[in-house]
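> Here is a sequence with its predicted model. Questions after.
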Amino acid sequence: RVQSKKERNFVRGQPPEDFVDLAMVKWVHGLRIPSPPDQAWRDVFSHATEWAALESAEVRRDVLDVSDVLIFDYVIHNYDRYKEKNWVRGGGASDRYVIFDNGLGWWKRPSDNCEAFFRCPPVFYARYSKVVESQASFDPDCPVDKKLFCRFRRSTITTLRRMGPAAPASPPPGALLRQSLAWEECQPVFPPDKYGPLGDYYSGIMTRVGAFLAYADECVAQFGDSHVLFD
């Protein structure tokens, strides 16, 4: 998230001395927008539809790509990918899903573990897209004891375990992000008076990685490893 001064009346008539939040997104030629996931996949993630019922290897790959996007959004607390919004495919021969436009990540609650994100993914439960900012936002249709998102790519879970709270001594994910951003010509700006200390955003990644891994373990305990994790 970057801040820029804007001319008077350019955005809602704000005077030039005010700041406007902007997200700088690198454009990639050939993207297919919008490319929302099939809403029938919601039943695949909740186990209402069996994995074997998916008709092809390409569809199974797409479902796991969507799973990866949903996990990524949870880790960075990005609620802004729901229904047709910000779902993008890369085009070309493979036409894989691309994690694109994450400008509303870390939305003002850098350390919140906001479990409703993965219990009721906004793309399949759009009415939760604006109310997933605390665990108190659960709706009767999405209770804490119900797991509506329980299909994951095995390699993704393995990677998260290697950097999660139980991992051996290695840079935590927040530290890796901080290091990578140090090379950026235009680093994100999080004014402390508006968004809180910058360090909270980096430490919040580990909070959510730990919470998600605990949830994934619950999915495996309930449905079985071979029904939750796929290659």
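All right, it came through fine.
> which stretches of this structure form helices?
Counting by DSSP state H, one finds helices in the chain at the ranges 41-45, 57-75, 116-119, 154-163, 173-181, 192-195, 198-223, 225-228.
> Name the surrounding residues that touch the second one.
In this case it means helix 57-75. With contact meaning C-beta atoms under 8 Å, 6 or more residues apart in numbering, helix 57-75 is reached by 37, 41, 44-45, 51, 54, 78-79, 81, 87, 96-97, 99, 102, 105, 114, 117-118, 121-123, 149, 151-153, 156, 160, 173, 205, 208-209, 212, 230. From N, CA and C alone the C-beta is placed, and that goes for glycine too.
> Going by neighbour count, which of those are buried?
With burial judged by 16 or more other C-beta atoms under 10 Å, the buried subset of those is 37, 41, 44-45, 54, 78-79, 81, 87, 97, 102, 105, 114, 117-118, 121-123, 149, 151-153, 156, 160, 173, 205, 208-209, 212, 230.
> Just want the most central residue of the chain.
Centrality entry for the chain: nearest residue to the mean C-alpha point is D73, 0.6 Å, by C-alpha atoms, centre = their mean.
> where's that one relative to G105, distance?
Going from D73 to G105 by C-beta to C-beta, to the nearest Å gives 8 Å.
> One more: C114?
Plainly put, C114 is 12 Å away from G105 if you go by C-beta to C-beta.
> got any residues that touch both of those two?
H77.
> and stretch 40-58, what's its mean pLDDT?
Average pLDDT, stretch 40-58: 95.
> which of the residues in it are buried?
The neighbour-count check on stretch 40-58 (16+ other C-beta under 10 Å) flags W41, R42, V44, F45, H47, L54 as buried.
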